[in-house]
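Asks: Generate a structure from the sequence data that follows.
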Amino acid sequence: MRARALRFAKVVAVELSFSGEIWYWRGPAPWHFITVPEAASDDIHAVSGAVTYGWGMIPCDVTIGSTTWYTALWPKDGGYIVPVKAWVRKDEGLELGDVVPVTLDI
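Replies: Residues are numbered from 1 along each chain as shown. Prediction:
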């Protein structure tokens, strides 16, 4: 049996822009995040059933500055948080506590 690669057109169900502060979670797997504001989280929740791949995770493209990457929003306390990878923070010169503009394409 031979595997075939399938291509799907990119469909953006929701595009959201907001600003948020970078914060650090010191749990067993430390990570940096930006909290999605409540109104934007409500918009995401409205399409979540159509786009989630499970566990409430929402796949999306995130843009901060000139950097865009593919990730998933994490559900937290009825809203969502954006994981900000180390290479993104380095490339954009971001520090803990910085307030940055974020664009989400879901």
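Asks: quick check: longest helix of this protein.
Replies: In the chain, taking DSSP state H as the definition, the longest helix is helix 38-51.
Asks: what does it rub up against?
Replies: Applying Cβ atoms under 8 Å, 6 or more residues apart in numbering, the external contacts of helix 38-51 come out as 13-14, 16, 18, 36, 56, 58-59, 73, 78-80, 104, 106. To be clear about C-beta, it is placed using only N, CA and C from the backbone, and glycine gets the same treatment.
Asks: Show me where this protein has its strands.
Replies: Under the criterion DSSP state E, strands of the chain are mapped to 15-25, 31-35, 58-64, 67-76, 79-83, 99-105.
Asks: and the second one, what other elements does it pack with?
Replies: In this case it means strand 31-35. Judged by 3 or more Cβ pairs under 8 Å, 6 or more residues apart in numbering; DSSP states H and E, the packing partners of strand 31-35 are strand 15-25, strand 79-83.
Asks: pLDDT weak spots in this protein?
Replies: Scanning the chain with the threshold set as pLDDT under 70 gives 1-12.
Asks: let's see it at 90
Replies: When residues are selected by pLDDT under 90, those of the chain lie in 1-14, 26-30, 49-50, 53-55.
Asks: Isn't V100 up against R89?
Replies: No - shown here, V100 and R89 do not form a contact pair, counting by Cβ atoms under 8 Å, at 9.8 Å.
Asks: can you list residues touching both of the two?
Replies: The contact sets of V100 and R89 overlap at I22 (Cβ under 8 Å, 6+ apart).
Asks: Can you say which of the helices and strands packed on strand 31-35 is packed in most?
Replies: Most buried of the helices and strands packed on strand 31-35, by mean neighbour count (mean count of other Cβ atoms under 10 Å): strand 79-83, with a mean of 20.
Asks: what residues does that strand touch?
Replies: Applying Cβ under 8 Å, 6+ apart, the external contacts of strand 79-83 come out as 20, 31-36, 38, 41, 44, 58, 62, 71-74, 102, 104.
Asks: Mind giving me the PyMOL command for buried ones among those residues?
Replies: The following PyMOL line selects those of those that are buried, judged by 16 or more other Cβ atoms under 10 Å:
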select buried, resi 20+32+33+34+35+36+41+44+58+62+71+72+73+74+102+104
